[in-house]
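Peer 1: sequence first, then the predicted structure, then my questions.
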Amino acid sequence: MCRQSATVCLAKSPSRQHRALPSLAERLAVLPDPRRRRGVRHPFVAVLLVAACAVTAGARSWTAIGQWARSVPQETLARLGARTVSALGVRVAPSLSTIRRVVGTPALRTPRGGSRRSTSGLRPAERVRTPRR
């Protein structure tokens, strides 16, 4: 039972509707892995989750995503599904080149049979452009 006011408790606890929504990992698991089986070392969903978490943490470039992946703690890598290397259970994050190759695949940019309009909801001329620094 919550010791605070009822409004705070309602704000903290998720509603039934939100509990029924699948997690990001479950949604990404639905995507087909565009890579060939040979040479795959990191799970597809783990690579996408590492990239998404790095961007959420503030990474704004490929290099920053790679640095975030290298510096993240072991328990975070375990929660993201990174692969283990040794019998000791040491987790290894995907390298920058792996993240770039997986995230940059054309299969992830545009859905099959769809157009760019269906992914963003805006025509190319209507997209908001952010200034470069």
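Peer 2: Perfect, thanks for sending it.

Peer 1: burial of the closest residue to Thr84 other than its chain neighbours, as a residue count?
Peer 2: Nearest residue to Thr84, sequence neighbours excluded (C-beta to C-beta, 6 or more residues apart in numbering): Arg91, at 5.8 Å. The C-beta positions use only the backbone N, C-alpha and C, and glycine is treated the same way. Neighbour count for Arg91, taken as other C-beta atoms under 10 Å: 19.

Peer 1: can you pull the phi/psi pair for Arg91?
Peer 2: phi -90, psi 140 (degrees, to the nearest 10).

Peer 1: pretty sure Gly66 is touching Leu96, no?
Peer 2: Yes - using C-beta atoms under 8 Å, Gly66 makes contact with Leu96 at a distance of 3.0 Å.

Peer 1: gap between the two ends of stretch 87-94?
Peer 2: Using C-alpha to C-alpha, to the nearest Å, one end of stretch 87-94 lies 19 Å from the other.
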